[in-house]
Every structure is written in structure tokens, then in C-alpha cells.
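Enquirer: The sequence isn't on hand, but the structure is:
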């Protein structure tokens, strides 16, 4: 059995869809932080079959919950202090996200003015659809895979 030691202060991201932990690592910019990170891929889970887990030993304020919620709002965020879980954060889809996804519409202003931030707003919460703030282009799972 794999045993990854507990952390003293930081957060544990649990119930990540299997295979998504590296994407989360990149989107959260964890490679730029000077902290300990443990990535557990394809762990057994009664609830999910397989799951990924991220353990990060750093200040919880370093975590962008909006980015995390956009990627998967079903992830469990456990806040750790003195080696114990002191809080669980619920994730909700953010109303707006900046520079996480990019507009693929070639006529969008972001294609020409490349220094503009890529801003998407939540157009349909029930279907989890985001649209570009500038051109209203819908961002879909299909365009996520093209990135």
C-alpha cells in the first residue's frame, strides 16, 4: 500500500477525476510556488472507482478556488492546519474566469489584441456553459480538448 505522509499546513484536493491532477497542477501554477506537492494518480475510490489526489503544503490563500471550481466543482478541498483538517471548502462554478481558457473565434478581439485578458462569463450554470466576454463565443468541451 502506498503511504504519503500527512502535511502540517496546506490543503488536500480530493475526489479529482482520475487523470486530471496534472492539469490542475499546471492551472494553479503550483510549479511556480516554493512548496511541497504530492500528486497521487489513479488511487482507489469507493465513490469514484479511481481518483487523483493533490496534497500541497503551503498557505491556502495561494489556491485560486475559481480556477479549481471551473476545472471541476466536485473536488473536495480540505484545509489543513497543525496536521488536521480544520475546514472543507465547497466549490461553486465561478461567474467569471480570466486567462484560464482562450477564445478560439478567429474574429474575436483577443486574437488581434493579444495582451487583452481572456475573460469568460458563466452563461448557463445548469449546463456549465461559458461564453467569451468580447465576442459571445461559447466555450465547449470540444474546444477544451483542442487547447
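Expert: Cool, got the structure. Because the structure is predicted, anything quoted here is derived from the model rather than measured.

Enquirer: Relative to residue 92, how far out is the residue lying closest to residue 36 once chain neighbours are set aside?
Expert: Leaving aside its sequence neighbours, residue 36 sits nearest to residue 57 (Cβ to Cβ, 6 or more residues apart in numbering; 4.2 Å). Backbone N, C-alpha and C define where each C-beta goes, glycine included. Distance of residue 57 to residue 92, computed by Cβ to Cβ, to the nearest Å: 26 Å.

Enquirer: More neighbours: which of these two?
Expert: residue 57 (18 against 11; other Cβ atoms under 10 Å).

Enquirer: distance between the ends of stretch 81-101?
Expert: Start and end residues of stretch 81-101 are separated by 32 Å (Cα to Cα, to the nearest Å).

Enquirer: Ignore what I typed, I meant stretch 33-50.
Expert: End-to-end distance (Cα to Cα), stretch 33-50: 28 Å.

Enquirer: List the buried residues for it?
Expert: 37, 39, 40, 43 (16 or more other Cβ atoms under 10 Å).
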